[in-house]
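**Q** Only the shape, not the letters, is given here:
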């Protein structure tokens, strides 16, 4: 806790990604003025957190938002954010539960705070045994199954895609986006970031380069493959290449694959953002679905067809089969049930 005459904590920012060495806390620096030193320390630590979170933009923004909320709460209640003690973290988590935040969201806030402390070489309050017991209680009382994007049936998806009016440029784009998003098991930020030059077409289909993703934050080489379908109406390769041909006719051979339209079907220069992708999914598939349903449904449909986890992971880029199991949507007790096969 800060004393009454101490200045309020200064939240660090994520604006800079330049790495700097942080000073260690010594008795001499404490003597200069502990509050001032720690506030400076917190501000500099932001650069470390920004560098440590280099990669997926959504993850970086989420962690930055978590830290801003924590420091704002600490300012309101006259608590020290860095280093924070266990009572401070307990108070903040309790505040989040009172706001009705999901357990997964709370744990992400804790991870953000822990990240800041580690990068600032400070003790991490969330590793304290008392805090672990507290969080076990939070999970028991507040914990519910994490809400997941609903999965659609393949027949519903194919029917929706076939009904898209491709006489309009936006229809060409939307059909390509839905088919690529589903067949490639794309996250929406990955889909938004695809450029025309990331596509490589050959006789088998398309290879799509992923310069960066949630599971590939260091820019290592990673690719997704989509293949020709016998049905031209639902073929992702043909749909994407028809859209690319339209872009080329508009003088665009590089840059964002999916662009927004101005009124009157005039193509803009703006990359389609993730919120717009979500709205496109809901426009054609239904309000109950989200852009993440494209990826979730790919996993569920593949599992129901008996496809091996390793093949699914080769497309989704998941690192563990545990994530595949979590993503699998077997909503009906009659689906994928061993009772059908025991031989009675």
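**A** Everything's here; your move. Small disclaimer: the values here were computed from a predicted structure and weren't measured.

**Q** Residue 227 contacts residue 202, doesn't it?
**A** No: between residue 227 and residue 202 there is no contact under CB atoms under 8 Å: 10.6 Å. Heads up, the C-betas are built off the backbone N, CA and C, glycines and all.

**Q** higher neighbour count, these two?
**A** Under the criterion of other CB atoms under 10 Å, the comparison of residue 227 against residue 202 puts residue 227 first, with 11 against 8.

**Q** contacting residues around that one?
**A** 183, 204-205, 236-237 (CB atoms under 8 Å, 6 or more residues apart in numbering).

**Q** If any of those are buried, give me the ChimeraX selection for them.
**A** Here is the ChimeraX command that selects the buried residues among the contacts of residue 227 (16 or more other CB atoms under 10 Å):
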select :183,205,236,237
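
**Q** In helices, which of the contacts of residue 227 fall?
**A** 183, 236-237 (DSSP state H).

**Q** what about residue 247, which SS state?
**A** helix (DSSP: H, G, I helix; E, B strand; the rest coil).

**Q** Do you know the pLDDT at it?
**A** Looking at residue 247, its pLDDT is 96.

**Q** Then residue 88?
**A** For residue 88, pLDDT reads 89.

**Q** same deal with residue 290?
**A** 87.

**Q** Now tabulate the contacts of residue 227 in a markdown table and tack on pLDDT.
**A** Below are the contacts of residue 227 laid out as a markdown table (pLDDT from 0 to 100):
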| residue | pLDDT |
| --- | --- |
| 183 | 93 |
| 204 | 90 |
| 205 | 92 |
| 236 | 95 |
| 237 | 95 |
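
**Q** okay, the contacts of residue 227 in TSV with distance to residue 118 next?
**A** Conversion of these to TSV gives the following (distance: CB to CB, whole Å):
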residue	distance to residue 118
183	39
204	45
205	43
236	42
237	45
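
**Q** So which of the contacts of residue 227 is the closest to residue 76?
**A** Among the contacts of residue 227, residue 183 lies closest to residue 76 (CB to CB), at 48.1 Å.

**Q** Going along the chain, name the helices of the stretch 101-250 of the chain.
**A** Along the stretch 101-250 of the chain, counting by DSSP state H, counting those that start in this stretch, helices occupy 103-119, 129-142, 154-162, 169-183, 188-193, 236-249.
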